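Chemist: Here you go, sequence then predicted model.
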Amino acid sequence: MKRRKLIKNNSALAGVIEALLIIALVAIILSVIQLQYIPIIVEQKEADHMDKVENQFSTLKSVIETQAMMGVIGSDQSLAYSPMSSPVTLGSKKLPYFVSGTATGQLTLKDKNDVGNYKINIQPMSIPEYSSGIPLTSIEYQAYNTEFINQKYVLEGGGVILNQSDGEVMRVAPSMTVENKSESGYIKIYWYIPVFTGFEGKKTDAGWEDTYVRTNYSKHSTQEGAVNWIYIYTPHIEAWNKSLIQNDTGILWEYYHNGYINVYIDYTETPHCIKIEPQSKNIQVALTVVEIGVQIGHGEIIT
């Protein structure tokens with residue numbers, strides 16, 4: 001009968017413990033990265049995406065204004081009616097290998113049939129189609145971020161508005177310029193207002209990939225002369241008010257500050273509105289209202 005002799009050997013046990021400690025260390029490092037650094041990285045990624053959307057909305061505004069200009073004063077009307085597509089990035093993908101969410105967004109057109117009582121009312125109005133007010137249409141992007149604050153970008157009345165939980169601001173001013181006709185005792189406002197029209201089924205898109213805003217010039221109307229008042233009924237009352245009369249930077253600040261005109265928010269109106277009225281000087285308006293066809297998403301409806 002053979003005898004077995006058992007010999008104690010601690011080297012194998014030490015190797016197993018060493019492997020377990022390395023695995024534990026890696027797990028701790030990954031946990032620290034996941035809990036401390038991944039949210040920061042994702043937040044910065046989503047913030048960069050929001051900056052990109054702001055630039056895309058500024059570009060979209062420029063495209064629409066170019067189409068409007070070609071339609072109003074262009075000699076080649078075939079170019080004016082040609083559609084142009086502008087990309088908007090809806091969201092950003094989650095990070096690979098780590099636990100993170102996908103930021104998404106939604107792009108929506110609110111055309112002249114969707115805006116209800118939101119409008120720009122100028123009286124007297126010589127354009128019969130807009131005798132009760134010019135619809136304050138918009139293209140809106142709503143972000144659904146996982147770490148960065150949710151934001152909304154709105155192209156409304158020719159201006160680009162940033163709206164978030166702590167307030168709103170007009171990032172790009174509407175197409176309005178003012179002249180002080182001191183020798184004639186009035187100020188003159190030159191104002192281009194886009195009015196968006198759309199098609200059912202092509203007014204919204206959502207997700208995280210790129211979508212497209214297809215725009216084309218449709219028609220325009222003009223009015224020039226003295227007006228009694230201008231009322232702006234908008235869901236973004238603070239952004240509009242700041243863009244008009246914020247100290248030193250508002251479009252109408254100089255004329256409001258010198259008492260030529262009065263600009264104020266009327267909270268008794270429903271919806272709330274900004275009222276622009278003559279004071280020591282009269283107001284004249286050179287108004288151009290341009291209808292722009294808008295389709296959101298891939299593909300198009302042939303008209």
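Modeler: Perfect, I can see it now. Nothing here was measured: the structure is a model prediction, and the numbers come from that model.
Chemist: how about the helices in this structure?
Modeler: Taking DSSP state H as the criterion, the chain carries its helices at 11-32, 38-73, 77-80, 237-245, 253-257.
Chemist: Out of those, which is the most enclosed?
Modeler: For the helices of the chain, the largest average neighbour count (mean count of other Cβ atoms under 10 Å) is found in helix 237-245, namely a mean of 20. All C-beta atoms are positioned from the backbone trio N, CA, C, and that covers glycine.
Chemist: quick one on the thing from earlier: worst average pLDDT in the helices of the chain?
Modeler: Ranked by mean pLDDT, the helices of the chain end with helix 77-80 in last place, scoring a mean of 66.
Chemist: do you know how far Val172 is from Trp253?
Modeler: 17 Å (Cβ to Cβ, to the nearest Å).
Chemist: Next: Lys219.
Modeler: 33 Å.
Chemist: go on, Gln279?
Modeler: Noted for Gln279: a distance of 14 Å to Trp253, by Cβ to Cβ.
Chemist: about what we covered before: can you add distance to Ile187 and give the helices of the chain back as CSV?
Modeler: Output for the helices of the chain, formatted as CSV (distance: least, Cβ to Cβ, whole Å):
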stretch, distance to Ile187
helix 11-32, 62
helix 38-73, 23
helix 77-80, 31
helix 237-245, 13
helix 253-257, 5
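Chemist: Those: which one's closest to Lys181?
Modeler: Proximity to Lys181, assessed across these by Cβ to Cβ, is greatest for helix 253-257 (11.1 Å).
Chemist: Who are the packing partners of that closest one?
Modeler: strand 176-181, helix 237-245, strand 261-266 (3 or more Cβ pairs under 8 Å, 6 or more residues apart in numbering; DSSP states H and E).
Chemist: Contacts for the longest one next, please.
Modeler: It stands for helix 237-245. Residues from elsewhere that reach helix 237-245 (Cβ atoms under 8 Å, 6 or more residues apart in numbering): 157, 159, 161-163, 167-170, 173-174, 232, 234, 250-253, 256-257, 263, 265, 272-274, 276.
Chemist: How about stretch 164-172?
Modeler: Here stretch 164-172 has contacts from 54, 57-58, 61, 149-153, 159-162, 236, 238-240, 242-243, using Cβ under 8 Å, 6+ apart.
Chemist: now it, how far from the chain's geometric center?
Modeler: Chain-centre distance of stretch 164-172: 10 Å, with Cα atoms, centre = their mean, to the nearest Å.
Chemist: May I see the buried residues of it?
Modeler: 168, 170-172 (16 or more other Cβ atoms under 10 Å).
Chemist: Give me the helix or strand of this structure that scores worst on average pLDDT.
Modeler: Across the helices and strands of the chain, mean confidence by mean pLDDT, DSSP states H and E is lowest for helix 77-80: a mean of 66.
Chemist: re the thing from before, show me which of the buried residues of stretch 164-172 is closest to Ala68.
Modeler: Val172 (15.3 Å).
Chemist: among the buried residues of stretch 164-172, which two are most distant?
Modeler: It's Glu168 and Val172 that sit farthest apart of the buried residues of stretch 164-172, by Cβ to Cβ, at 13.3 Å.
Chemist: and the closest residue to Glu269 other than its chain neighbours, what is it in contact with?
Modeler: Closest residue in space to Glu269, ignoring its immediate chain neighbours: Tyr233 at 7.2 Å, by Cβ to Cβ, 6 or more residues apart in numbering. Counting by Cβ under 8 Å, 6+ apart, Tyr233 makes contact with 117-121, 133, 136, 269, 271-273.
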